[in-house]
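J.: Sequence and computational prediction follow.
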Amino acid sequence: MELLQLLFAAGTLQLAVATATPIALGSFAGLFSERSGVVNIAIEGMMLTAAMSASFASAYTGSLYWGILAALLSGALMAALHAVLSIRFSMNQIISGTVINFLAAGLTGHLYQTYLVPPHWPGSVGTFQEISIPVLSRIPWIGQILFQQGPIVLIMLVLAFVIHYVIFYTPWGLRTRAVGEHPEAADTVGINVYMMRYANVIIGGTFAGLAGAWLTLEWIDNFTIGMTTGRGFIALAALIFGRWTPFGALGAALLFGLANALQIRLQIGFPQVPAELFQMLPYVMTIIIAALARPIPPAAIGQPYEKE
Amino acid sequence: MGTTTANQNQEPKRSFRERFLSPLVIPLLAIFSSLVIVAIVIIITSDGLGDGLNKVAIGYWGIIDGALLRPSGLVNTLVATAPLILTGLAVAIPFHAGLFNIGGEGQFMMGALFGAVVGIYVDLPPVIHIIAVILAGVLGGMLWGAIPGVLKAWLGSHEVINTIMLNFIAIALVNMLVRNVMKDPNPSTVQTLPLLETAQLARIPFPGVASSRLHLGFFIAVLVAVLAWYFLFKTTWGFSLRTTGLNPDAAEYAGIRPKREYILSFLIAGGLAGMAGIMEVQGLSRVLPVGFDAGYGFTAIAVSLLALNNPLAIIPGAMIFGLLTVGGDFLQIRAGLSVHIVSIFRALILLFVAAPEIVRYIYRMRGEPEKAEAMPAPQTRWGS
């Protein structure tokens, strides 16, 4: 009973939506990439790179907005590398993703120790403040949960609708899905398979970048080594569970957000129980969710396209 | 009829150059290219070209001198090689079955945990105790490896996500138990009691080193690599496993059950990584501390691919990464560079060996890539 109260408290759910944000954004990144036929296990690495870049840029320019820009660009850059490796060089996409993740771990670690620790560290500029949307945020319960959030959380919620529209109701979305389902057919009707795949993987990279920005510009105000702690992979599980649709992925991400919020609340509520026990919760849940998923992936996913 | 089949099964005769020299070209160029790119990264992140070049020279020489030429450095490199051989095999064997094991880290931790329990709390006669502890470690790793194997075989959920999640869970679980249940009440550091003397692996003296850290684990790991090679390439079980990796549908048609191979390969992988974990405790740390995970399970991926997933080639492959792991400290001590440079190396070497086309492109190598042996590749499809 007490647990249920904790679960449905507006504060817990507000926290759930906030912590669901990097996971939802990460799964949007995977959505664009995988809908076009490129498997993406590199979301984690893109997110991590972006989190570091955001922290770096905002600290050295003194502006959070430059931080956002740096995050988007660095996410896109890592995605571009994944695209080149898997499209141009037909590298196995699972391994290409692993390369990106390792590279991100190494580069962010090196840059962090070179530029983001004293004596070089110019100091953090803080985080984005919570925004209360007029009128809407005053709705009881719902208002606090959905409309009293940081800007990146709010952007994420809007993005779900935008992406749903783009993927299912625009020519771009149709072409993206076509190259992911049947690249040969798409090619025959004049769609540039390579261009569509490059573009979608890189667009995806910017969403992973935004997820990284959330970590260092909205959640906490400084970068730490390996701070993504598996969120990129959880995002992938959310995407698979959500069957490669933005609302499905958002729903799954919110489940993870809930587990995460609960985990944080429980740690505070039960200090006598080892914190690690609660920290395992999202990871265990990911395995269960991935096992329950009955995925129907895009038909041509993971296969490099070789033009005849 | 019978003779025809026999002839077909016979391996085609290949020259020494074809068998041993050609496969070396890509790995060697991969290492060289990575060294060049890392040097560029170091220079960009230094104060000017002069400072950068200086750091590269001191740092690279530091790796060679500190981790290879000095006897104590060589010993440390061999010590770091042992877990990399075993975790490398833990990547290679599922790889041959078409699966990608990023879970070596978690399996390593569970091996260390299970073995440590038997090593600390169970009293057994010498020798038997050592074997019992290793077997317990293997069991712990197998248990952790079985989870993604079974989930893959029965439910089709992809091993990449599951193994990574299991890494996080294993690390949290081991830290939790060490902190709360198995903690040594005395010292200020958070660790378990030491393993009983009877459970520890003997240290082996090394010429020119006062207190050698080299332990039996290295030799056991080399032996296991040879056995793994025999298993993969000379036994029916190994053949079935490799056939599954090359083409699961064809394998099934030929009477092999891919699901069985998935579970088997992950059981073996988990066992090997678990063995790596417990032997680190038995031979080196003698206690299980909090934060025991050292990233071997991840480096193992680069080790295995650098060795083209051949268990015998994993021995030198692991030595190269052992050298880099130990050398990382010298990059830091001598050139003031961060140890994370080593992770960049790891990523780049993996990049180049996994995409030989890039190496051929950079060095303008002519001719078609040798298709002497079909290489397995992890399945890139979600779901069964």
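T.: Nice, I can see it.
J.: Quick one: the strands in the stretch 51-200 of chain A, in order.
T.: Secondary structure of the stretch 51-200 of chain A by DSSP state E, counting those that start in this stretch: the strands cover A:131-132, A:148-149.
J.: for the first one, the distance to its chain's centre please.
T.: Spelled out, that is strand A:131-132. Distance, stretch centre to chain centre, for strand A:131-132: 22 Å (CA atoms, centre = their mean, to the nearest Å).
J.: what are the phi and psi values for B:Arg213?
T.: phi -90, psi 0 (degrees, to the nearest 10).
J.: circling back: just name the most buried of the strands of the stretch 51-200 of chain A.
T.: strand A:148-149 (a mean of 22; mean count of other CB atoms under 10 Å in any protein chain shown). Any C-beta I mention is one placed from the backbone N, CA and C, and that applies to glycine too.
J.: Isn't A:Arg35 up against A:Ile167?
T.: Yes. The pair formed by A:Arg35 and A:Ile167 meets the contact definition of CB atoms under 8 Å, at 6.5 Å.
J.: And residue 209, what's its pLDDT?
T.: All of this is about chain A. For A:Gly209, the pLDDT comes out at 98.
J.: should've been chain B
T.: Reported pLDDT for B:Val209: 88.
J.: Isn't it up against B:Gly73?
T.: No. Taking contacts as CB under 8 Å, B:Val209 lies outside contact range of B:Gly73: 9.5 Å.
J.: rewinding a little: make JSON lines from the strands of the stretch 51-200 of chain A and add distance to chain B to it.
T.: Shown next, in JSON lines, are the strands of the stretch 51-200 of chain A (distance: least, CB to the nearest CB, whole Å):
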{"stretch": "strand A:131-132", "distance to chain B": "32"}
{"stretch": "strand A:148-149", "distance to chain B": "27"}
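J.: Give me the nearest residue to A:Thr114, chain neighbours excluded.
T.: Counting by CB to CB, 6 or more residues apart in numbering or on different chains, the nearest residue to A:Thr114 once its immediate chain neighbours are dropped is B:Thr45, at 5.1 Å.
J.: For the one you found, give me its contacts.
T.: A:110-111, A:114-115, B:52 (CB atoms under 8 Å, 6 or more residues apart in numbering or on different chains).
J.: Neighbour count: B:Val209 and B:Gly73, which is higher?
T.: Comparing B:Val209 with B:Gly73 by other CB atoms under 10 Å in any protein chain shown, the one with more neighbours is B:Gly73, at 22 against 16.
J.: Show me what from the stretch 151-300 of chain A comes close to chain B.
T.: Neighbours of chain B within the stretch 151-300 of chain A, by CB under 8 Å from any CB of the partner chain: A:229-230, A:233-234, A:236-237, A:240, A:274, A:276-277, A:279-280, A:283-284, A:286-287, A:290-291, A:293-297.
J.: Just the buried residues of those residues.
T.: Among those, those scoring as buried are A:229-230, A:233-234, A:236-237, A:240, A:274, A:276-277, A:279-280, A:283, A:286-287, A:290-291, A:293, A:295, A:297 (criterion: 16 or more other CB atoms under 10 Å in any protein chain shown).
J.: Close to chain A: what parts of the stretch 101-250 of chain B are there?
T.: Where proximity means CB under 8 Å from any CB, the interface of the stretch 101-250 of chain B facing chain A comprises B:102, B:147, B:151, B:155, B:157-158, B:160-162, B:164-166, B:168-169, B:172-173, B:175-176, B:179-180.
J.: Looking at those, which are in helices?
T.: Judged by DSSP state H, these include B:147, B:160-162, B:164-166, B:168-169, B:172-173, B:175-176, B:179-180 as members of helices.
J.: pretty sure A:Leu85 contacts A:Met91?
T.: Yes. Using CB under 8 Å, A:Leu85 is in contact with A:Met91, at 4.5 Å.
J.: what's the longest helix in chain A?
T.: Max-length helix for chain A by DSSP H is helix A:10-35.
J.: mind listing what's buried in that one?
T.: For helix A:10-35, the neighbour count (16+ other CB under 10 Å) marks A:12-35 as buried.
J.: Likewise for stretch A:218-237?
T.: Buried, per 16+ other CB under 10 Å, within stretch A:218-237: A:218-219, A:221-223, A:227-237.
J.: The contacts of B:Thr45 into a markdown table, with extra columns for pLDDT, distance to B:Thr189 and neighbour count?
T.: Shown next, in a markdown table, are the contacts of B:Thr45 (pLDDT from 0 to 100; distance: CB to CB, whole Å; neighbours: other CB atoms under 10 Å in any protein chain shown):
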| residue | pLDDT | distance to B:Thr189 | neighbour count |
| --- | --- | --- | --- |
| A:His110 | 95 | 28 | 23 |
| A:Leu111 | 95 | 31 | 20 |
| A:Thr114 | 91 | 30 | 16 |
| A:Tyr115 | 92 | 31 | 16 |
| B:Gly52 | 95 | 38 | 18 |
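J.: List just the nearest of those to A:Trp172.
T.: If you rank the contacts of B:Thr45 by distance to A:Trp172 using CB to CB, A:Leu111 comes first, at 34.4 Å.
J.: That concludes my questions; thank you for your assistance.
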